[in-house]
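# Need the 3D shape of this:
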Amino acid sequence: MPITAYKGVVVHSLALGRLEMLNPGLIGVNEHGTIEFVVDLATQSLDTVVFDKVRGGVCSYAKHMYTKAVSRHVLNGTTTCSYFATIHLEACKVLADIVHDIGQRGYLGKVNMDRNATPELTETTHGSLADTKSFIEYVATKKNSLLTPVITPRFVPSTTSALMTGLAALADTYTLPIQSHLSENSKEIEWVRDLHPDCSSYAELLDEGVKVGLGTDVSAGYSTSMLDAIRHAVIASKVTSLTSPSHAPLSYAEVFHLATVGSADCLGLSDVVGNFVKGKELDMLVVDLNSANSPIDSHAHDDVSSQFQKFLFLGDDRNITDVYVRGRRVNLTAHDAAQAADASKSSRCARTTVATSTDR
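Numbers count the residues shown, from 1 in each chain. Below is the predicted model of the structure:
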């Protein structure tokens, strides 16, 4: 029978077996589409690691890398992902193709940069706006309501006011969300203040109740797993509470809420996904604590709460046996993902469907 818990919902089903659970799909926010693990490339800049890796927008390279990225996110249980891609129009079209074919719910962002970037990655203002409009129209041709173009200025230092104004107009015309980077580190905050001294503070524009979600921030982060993000969020909040006693540490229940309901709310999907409330679309994971090579030791006396916490703090992709988006199983097994990672490096026009999803 359904058991309401942790501000999300866990369903313990005897039909699945005593130690199997269903839980809402983990919704990632602001995932970079190009995977390069920064832990191994720490001395290289973000421009080199993320944006330049598309190698001038070559479709074969983009297909290879984006197939890996999307497959890895799905295998780790991310049913909805907001992709922060690159400036390259054709490569971004490839990303849209792959998310469409696999069947993930995706927010797809073509990055905009017309200043303060390497010469190879600096767009003209007109060209950036034209390519963004073309990308929006391309995604619309997929006729897939799971896909949403998202306006994606990299951040204030790399986008001129003219470009920002044009992007805002596109967002208004097509009724699209906007994503960007904000306050990533103290040096960038000072840089923004120098670029825009007329905007000293935005605090007066913010009401209480700011929407907060949780994401992996790959490739600035180290893992595509939202479980990993959940664990680090708990640890970080405890460290913060040690130095600022007035800040109570987050519980696992609160962090799970951020990863599901909170992130859905940030994406404007609070009425669509995030939990199992009647009327919402069914995005979910099938979790088996006793799957092959499971990293979890489960016991007969474990109740649902114990099982749930073990999955959050000890589980990984080996425990996620099935992924569903809008009630349809995403047909991407570990074997499929391995094949997808080595898929043909043909152009976008000769793309291969790496998994089935008929919900169009």
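
# element containing residue 135?
Per DSSP states H and E: residue 135 is located in helix 125-141.

# Neighbouring strands of the next helix or strand after that helix in the sheet, and parallel or not?
On the C-terminal side of helix 125-141, the closest following helix or strand by DSSP H and E is strand 147-149. Paired with strand 147-149 in the same sheet, following DSSP bridges, are strand 105-109 (parallel).

# Only C-alpha atoms, please: export the strand it pairs with in CSV.
Extracted in CSV, the C-alpha atoms of strand 105-109 (Å, rounded to 0.1, in the frame of the first residue of the first chain):
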residue,chain,number,x,y,z
ARG,A,105,12.4,14.6,-20.2
GLY,A,106,14.8,17.3,-21.2
TYR,A,107,15.3,21.0,-21.0
LEU,A,108,17.8,21.8,-23.8
GLY,A,109,20.0,24.9,-23.7
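
# So which elements touch whichever helix or strand comes after it?
Sequence-wise, the next helix or strand downstream of strand 105-109 (DSSP H and E) is strand 111-112. When contacts are defined as 3 or more Cβ pairs under 8 Å, 6 or more residues apart in numbering; DSSP states H and E, strand 111-112 sits against helix 125-141, strand 152-153. In short, each C-beta sits where N, CA and C put it, glycine included.

# Those: which one's closest to residue 115?
helix 125-141 (9.0 Å; Cβ to Cβ).

# quick one, that closest one and strand 105-109 angle?
160 degrees (axes from the mean of the first three to the mean of the last three Cα atoms, to 10 degrees).

# which residues touch helix 125-141?
87, 89, 92-93, 96, 108, 110, 112-114, 123, 147-149, 151, 160, 162-163, 166-167, 170, 174, 176 (Cβ atoms under 8 Å, 6 or more residues apart in numbering).

# Distance from that helix to the middle of the chain?
On the basis of Cα atoms, centre = their mean, to the nearest Å, helix 125-141 is displaced by 21 Å from the centre of the chain it belongs to.

# Pull out the buried positions in that helix.
125, 128-129, 131-133, 135-136, 138-139 (16 or more other Cβ atoms under 10 Å).

# Restricting to C-alpha, output that helix in CSV.
Presented in CSV, the C-alpha positions along helix 125-141 are these (Å, rounded to 0.1, in the frame of the first residue of the first chain):
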residue,chain,number,x,y,z
THR,A,125,25.5,39.0,-31.0
HIS,A,126,23.4,38.7,-34.1
GLY,A,127,24.8,35.2,-34.8
SER,A,128,24.1,34.0,-31.3
LEU,A,129,20.5,35.2,-31.4
ALA,A,130,19.9,33.7,-34.9
ASP,A,131,21.3,30.3,-33.9
THR,A,132,19.2,30.3,-30.7
LYS,A,133,16.1,31.0,-32.7
SER,A,134,17.0,28.2,-35.1
PHE,A,135,17.5,25.8,-32.3
ILE,A,136,14.2,26.7,-30.7
GLU,A,137,12.5,26.0,-34.0
TYR,A,138,14.4,22.7,-34.5
VAL,A,139,13.3,21.4,-31.1
ALA,A,140,9.7,22.3,-32.1
THR,A,141,10.0,20.0,-35.2
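
# Give the rounded mean pLDDT of that helix.
The average pLDDT within helix 125-141 is 98.
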